[in-house]
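Undergrad: 3D, please:
(one chain, ligands or ions: 1)
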Amino acid sequence: MDKTRRLIIAGNWKSNKTNSEAVALVSELIRDLANVKELDIVVCPPFTALSDVSRLVLESNIRLGAQNLSDAGYGAFTGEIAPGMLRELSVRYVILGHSERRQFQKETDAQVARKAANAHSNNLIPIVCFGETLAEREAGITEQIVETQVRGSLAGLSVEQMEMTVLAYEPVWAIGTGKTASSAQAQEVHAFVRQVLTSLYGESVSRRVRIQYGGSVKGSNARELLGQPDIDGALVGGASLDSKNFVEIIKNSI
Ligand code: 13P
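TA: As a prediction, this is how the structure comes out:
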């Protein structure tokens with residue numbers, strides 16, 4: 001089993017937590033996770049909390065992520081966030097192409113690819129999300145959908161950029177539903193994605209890319225999921241909003 005890849009567990013807070021709530025949550029995480037050195041820990045608060053959370057995590061083992069990024073730089077793009085704004089706050093990661101953005105903001109693979117390139121050009125590490133809906137799984141086209149999203153969302157990335165990129169397989173039917181993919185179901189898709197990466201970038205790159213699983217991850221299922229050979233971490237939604245739950249996931253993954 002090739003688990004030379006360092007696990008990465010990220011909390012996607014989505015559109016939750018005011019600035020003061022975010023400060024309270026991250027303060028608890030800093031206290032309770034201070035001794036964890038075995039894996040990478042990331043929190044992704046909403047934009048409005050990045051500044052204060054950034055100051056708090058600076059001296060800790062917790063890294064900061066954002067939940068979206070413009071595909072452009074500074075300029076007349078109302079409502080957009082340019083990479084330099086995130087860099088100044090020591091943001092290291094940025095979630096891109098989350099299924100909620102694909103669904104509600106109609107983000108396309110091509111847009112995600114432009115954002116991923118923009119992230120890399122500015123020393124931000126994209127966490128690129130993909131995953132099938134329940135209808136697609138039931139129609140037996142999971143691999144086809146996942147392959148199209150992965151190829152399209154990574155289009156144009158260089159080998160060096162690909163090695164740094166984090167992927168997140170998030171079956172849409174498992175997000176916020178309490179219905180987790182079984183570890184075998186998740187492993188099957190992760191192994192398939194690694195094959196796709198091999199065909200795009202060769203085996204040595206493919207072996208180095210970290211692929212997170214996301215979708216109703218909690219303390220009770222983290223160990224089993226992250227024990228799979230091709231699952232290299234978790235992207236956690238609901239359970240990352242409560243420090244006890246998030247800490248439990250991390251402690252159970254070590
Ligand atoms: P839940 O953990 O709430 O299912 O959300 C998963 C997710 O979408 C993380 O990005």
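Undergrad: which other helices and strands does the helix or strand hosting residue 129 contact?
TA: Per DSSP states H and E, residue 129 falls inside strand 125-130. With contacts defined as 3 or more CB pairs under 8 Å, 6 or more residues apart in numbering; DSSP states H and E, strand 125-130 has these neighbours: strand 93-96, helix 109-121, helix 142-153, strand 166-169. Backbone N, C-alpha and C define where each C-beta goes, glycine included.
Undergrad: so which bits of the third one are buried?
TA: This means helix 142-153. 142-143, 145-147, 149-153 (16 or more other CB atoms under 10 Å).
Undergrad: and the residue most central in space within the chain, what does it touch?
TA: The chain has residue 127 as the residue nearest its centroid, 4.3 Å off, counting by CA atoms, centre = their mean. By CB atoms under 8 Å, 6 or more residues apart in numbering, residue 127 lies in contact with 10, 65, 93-96, 166-168, 212, 235.
Undergrad: what is the burial count for residue 101?
TA: 18 (other CB atoms under 10 Å).
Undergrad: so it sits against residue 94, correct?
TA: No: the pair residue 101 and residue 94 does not pass the contact test of CB atoms under 8 Å, sitting 11.9 Å apart.
Undergrad: overlap of the contact sets of these two?
TA: Common neighbours of residue 101 and residue 94 (CB under 8 Å, 6+ apart) are residue 68.
Undergrad: quick check: residues of the chain near the ligand?
TA: Counting by CB under 6 Å from any ligand atom, the residues of the chain close to the ligand are 12, 98, 170, 175-176, 214-217, 235-239.
Undergrad: out of those, which one has the lowest pLDDT?
TA: On pLDDT alone, residue 176 ranks lowest of the residues of the chain next to the ligand, at 90.
Undergrad: what's the closest non-adjacent residue to residue 93?
TA: Nearest residue to residue 93 in three dimensions, chain neighbours excluded: residue 65, at 3.5 Å (CB to CB, 6 or more residues apart in numbering).
Undergrad: I meant to write residue 142 there.
TA: residue 132 (4.6 Å).
Undergrad: and the one you found, how many neighbours?
TA: 23.
Undergrad: next up, phi/psi of the residue in the stretch 101-250 of the chain positioned nearest to the ligand, please.
TA: Distance from the ligand to each residue of the stretch 101-250 of the chain (CB to the nearest ligand atom) is smallest for residue 237, at 2.2 Å. Backbone torsions of residue 237, given as degrees, to the nearest 10, read phi -100, psi -100.
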